[in-house]
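Peer 1: no sequence on this one, just coordinates:
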Ligand SMILES: [Fe+2]
């Protein structure tokens with residue numbers, strides 16, 4: 001038996017999305033993110049102590065059963081010593097340590113969960129082990145690097161800089177910039193030379209950045225600007241404060257950032273197409289691969305027959321990628337397609353009842369709770385479901401979700417204002433019953449899995465009014481197709497909702513409040529329930545109502 005424990009995180013503030021994963025005999029047993037325990041989003045600057053304990057529990061093993069611990073970060077100072085001290089202090093035992101390059105771990109997290117026999121891979125983020133974009137080719141023989149870029153020539157850094165200029169938190173709020181870009185404003189040509197694309201290469205004009213961003217150097221903290229005065233002077237506008245009104249100018253800056261990012265990606269794709277390796281498949285990973293609009297542009301371009309983006313494309317997926325890479329060394333893994341992301345902890349009805357009784361709450365035990373949830377949603381109620389193993393990755397996919405009727409026009413505003421306390425331009429996502437997806441969406445020829453809310457799809461014109469609160473202003477949506485085989489509970493709720501309303505789609509958003517990680521425990525879920533105007537919550541078979 002070979003057991004590999006993958007971990008990610010670190011002791012510096014810039015190390016974030018700390019997580020742990022266990023692979024046992026080539027199978028993914030469990031993956032979990034440290035933020036779900038610490039309740040601080042992204043869990044910056046920590047090694048995943050709680051996640052490791054949870055993984056060992058889920059896998060029913062002790063630390064001494066672990067053959068290898070793999071850490072994503074091959075060039076960090078003294079990392080082997082830090083890890084050995086950490087394990088000896090917290091676990092009284094340190095397994096053999098394997099350090100893997102950050103981008104190689106990103107690549108492995110995508111390729112070894114893609115199910116492809118061969119694939120090109122693009123990994124892109126702010127920076128990891130000094131590199132920011134890496135192009136790979138992978139097959140059964142392994143993963144080979146084709147080309148790479150180091151910061152400041154970073155697509156993640158470019159997008160983060162614009163995100164920060166627009167008044168959002170970089171390395172967190174890039175989805176807000178993406179959402180603003182969807183308003184289809186005109187491009188702001190003044191900053192066209194920030195990210196330059198020529199001859200299938202991209203280049204960052206460093207005049208726009210603060211000085212000192214280079215390989216091996218720590219990026220500025222989140223309290224300091226990434227952009228220079230040059231950007232501010234060129235745009236002739238101060239950076240937006242976070243609560244300032246969004247205007248046409250902000251929309252145009254966001255639109256430029258998105259267009260340039262996409263242009264750079266298509267240049268990278270051309271590099272791959274002109275390469276000596278050949279493949280009809282493409283995998284994406286790294287924080288930039290969370291850009292669902294970019295992913296959909298690549299899909300609709302039909303440049304590849306298949307594309308795959310794992311649900312944990314950001315740094316949270318490094319623990320899984322690192323573990324898969326080392327597990328593959330033991331035994332040639334025939335890569336299997338990851339179909340579901342329910343890899344975290346679950347809580348039984350018994351455990352939930354103990355918590356409800358402790359809190360002296362009124363509740364009902366309901367056998368067929370899916371039907372009751374669907375009826376309440378059809379009656380206009382907003383509710384949450386807490387069921388089965390928690391999702392791995394930033395999206396709630398029906399294990400820790402808030403649900404609502406997408407046909408109700410007002411729901412988007414209610415959820416944004418009263419539940420999430422966020423700007424109303426941010427869209428919500430639809431979860432559609434498998435088998436009904438083609439009634440609602442026009443998918444590209446390129447095949448992809450729409451299981452993880454990571455690629456946008458075009459919404460059919462005649463169906464837009466039916467799911468109006470779960471689509472963006474550009475008539476695309478970050479769709480999740482819900483498969484009976486992977487989540488029969490969620491499937492049954494949507495199916496029943498469809499029988500009542502004739503709409504086989506539910507609005508699905510994560511069970512959390514602004515700035516908080518997704519709920520892990522029943523107590524976390526109840527905390528959201530009692531501090532928002534939510535009507536009901538179903539914790540496994542227990543229903544609690546206001
Ligand atoms: Fe990364």
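Peer 2: Received it, and whenever you're ready, just let me know what you need. It should be emphasised that the depicted structure is a prediction, and the values quoted were computed from it without experimental measurement. Residues are numbered from 1 along each chain as shown.
Peer 1: pretty sure residue 148 is in a strand, no?
Peer 2: Yes. Counting by DSSP: H, G, I helix; E, B strand; the rest coil, residue 148 is found in a strand.
Peer 1: Quick one: residues contacting it.
Peer 2: Residue 148 makes contact with 103, 131, 133-135, according to C-beta atoms under 8 Å, 6 or more residues apart in numbering. All C-beta atoms are positioned from the backbone trio N, CA, C, and that covers glycine.
Peer 1: Could you rerun that using 7 Å?
Peer 2: Residue 148 makes contact with 131, 133-134, according to C-beta atoms under 7 Å, 6 or more residues apart in numbering.
Peer 1: you'd agree residue 24 is up against residue 3?
Peer 2: Yes. Using C-beta atoms under 7 Å, residue 24 is in contact with residue 3, at 5.2 Å.
Peer 1: excluding its backbone neighbours, what's nearest the residue of the stretch 201-350 of the chain found nearest the ion?
Peer 2: The nearest approach of the stretch 201-350 of the chain to the ion comes at residue 315, 4.5 Å away (C-beta to the ion). Nearest residue to residue 315 in three dimensions, chain neighbours excluded: residue 17, at 3.7 Å (C-beta to C-beta, 6 or more residues apart in numbering).
Peer 1: go on, residue 466?
Peer 2: Counting by C-beta to C-beta, 6+ apart, residue 503 is the residue found nearest to residue 466 once chain neighbours are left out, at 5.0 Å.
Peer 1: again with residue 468
Peer 2: Nearest to residue 468 is residue 409, by C-beta to C-beta, 6+ apart, at 5.4 Å.
Peer 1: quick one: that neighbour from residue 507, how far?
Peer 2: As judged by C-beta to C-beta, to the nearest Å, residue 409 and residue 507 stand 12 Å apart.
Peer 1: Touching both of those two, which residues are there?
Peer 2: With C-beta under 7 Å, 6+ apart, residue 409 and residue 507 have common neighbours residue 469.
Peer 1: neighbour-wise, which of these two wins?
Peer 2: Legend: neighbour count by other C-beta atoms under 10 Å for residue 409 and residue 507, higher for residue 507 (27 against 10).
Peer 1: Quick check: the more buried one touching residue 427?
Peer 2: No. Using C-beta under 7 Å, residue 507 makes no contact with residue 427, being 10.0 Å away.
Peer 1: residues contacting whichever residue of the stretch 351-500 of the chain sits closest to the ion?
Peer 2: Relative to the ion, the nearest point of the stretch 351-500 of the chain is residue 394 (13.4 Å; C-beta to the ion). Neighbour list for residue 394: 290, 314 [criterion: C-beta under 7 Å, 6+ apart].
Peer 1: again, but for the one 4 residues further on
Peer 2: Counting by C-beta under 7 Å, 6+ apart, residue 398 makes contact with 385, 431, 482, 487, 490, 508.
Peer 1: any idea how far residue 341 is from it?
Peer 2: From residue 398 over to residue 341 the distance is 10 Å, taken as C-beta to C-beta.
Peer 1: and residue 385, what element?
Peer 2: Applying DSSP states H and E as the criterion places residue 385 in strand 383-386.
Peer 1: In terms of secondary structure, what does that strand contact?
Peer 2: helix 369-378, strand 400-404, helix 522-530, strand 536-539 (3 or more C-beta pairs under 7 Å, 6 or more residues apart in numbering; DSSP states H and E).
Peer 1: Given it, what are its sheet partners and their directions?
Peer 2: Strands that pair with strand 383-386, judged by DSSP bridges, come out as strand 400-404 (antiparallel), strand 536-539 (parallel).
Peer 1: want to throw the ones you listed into CSV with mean pLDDT and mean neighbour count?
Peer 2: Conversion of these to CSV gives the following (pLDDT from 0 to 100; neighbours: other C-beta atoms under 10 Å):
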stretch, mean pLDDT, mean neighbour count
strand 400-404, 98, 26
strand 536-539, 98, 23
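Peer 1: Tabulate those strands (TSV), appending distance to the ion.
Peer 2: Converted to TSV, those look like this (distance: least, C-beta to the ion, whole Å):
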stretch	distance to the ion
strand 400-404	24
strand 536-539	34
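Peer 1: how about TSV for those strands, with distance to residue 420 added?
Peer 2: Below are those laid out as TSV (distance: least, C-beta to C-beta, whole Å):
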stretch	distance to residue 420
strand 400-404	9
strand 536-539	16
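Peer 1: Buried residues, the longest helix anywhere in the chain. List them.
Peer 2: Ranked by number of residues, the top helix in the chain under DSSP state H is helix 248-273. By neighbour count on 16 or more other C-beta atoms under 10 Å, the buried set for helix 248-273 is 250-262, 264-266, 268-269, 271-272.
Peer 1: that older thread, buried residues of the strand holding residue 385, list them for me.
Peer 2: 383-386.
Peer 1: what do you get for stretch 407-427?
Peer 2: Residues of stretch 407-427 classed as buried by neighbour count (16+ other C-beta under 10 Å): 407, 411-412, 415-416, 419-420, 423, 425-427.
Peer 1: What's the local residue count around the closest residue to the ion within the chain?
Peer 2: For the chain, the residue closest to the ion is residue 125, as judged by C-beta to the ion, at 3.5 Å. Neighbour count of residue 125, defined by other C-beta under 10 Å: 28.
Peer 1: Then it would be within a helix, right?
Peer 2: No. Using three-state DSSP, the assignment for residue 125 is strand, not a helix.
Peer 1: unless I'm mixing things up, it is touching residue 286, no?
Peer 2: Yes. Using C-beta under 7 Å, residue 125 is in contact with residue 286, at 3.8 Å.
Peer 1: sorry, back to before: show me what the longest helix of the chain is packed up against.
Peer 2: Using 3+ C-beta pairs under 7 Å, 6+ apart, the elements in contact with helix 248-273 are strand 131-139, helix 155-165, helix 174-181, strand 195-198, strand 201-204, helix 292-301.
Peer 1: Around the ion, which positions in this structure sit nearby?
Peer 2: Residues of the chain lying close to the ion (C-beta under 5 Å from the ion) are 125, 128, 315.
Peer 1: Take these and write them to JSON lines, including pLDDT.
Peer 2: Shown next, in JSON lines, are the residues of the chain next to the ion (pLDDT from 0 to 100):
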{"residue": "125", "pLDDT": "97"}
{"residue": "128", "pLDDT": "93"}
{"residue": "315", "pLDDT": "97"}
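Peer 1: Columns distance to residue 166 on top of those residues, output as JSON lines?
Peer 2: Output for the residues of the chain next to the ion, formatted as JSON lines (distance: C-beta to C-beta, whole Å):
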{"residue": "125", "distance to residue 166": "19"}
{"residue": "128", "distance to residue 166": "24"}
{"residue": "315", "distance to residue 166": "22"}
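Peer 1: Centre-most residue in this protein?
Peer 2: In the chain, the centroid-proximal residue (C-alpha atoms, centre = their mean) is residue 394; its distance is 3.9 Å.
Peer 1: where's that one, which helix or strand?
Peer 2: In the assignment (DSSP H and E), residue 394 maps to no helix and no strand.
Peer 1: Residue 504: how many residues sit nearby?
Peer 2: Neighbour number of residue 504 under other C-beta under 10 Å is 23.
Peer 1: what residues are up against the closest residue to residue 225 other than its chain neighbours?
Peer 2: By the measure of C-beta to C-beta, 6+ apart, the closest residue to residue 225 outside its immediate chain neighbours is residue 210, 6.1 Å from it. Residues counted as contacts of residue 210 (C-beta under 7 Å, 6+ apart) are 220, 225-228.
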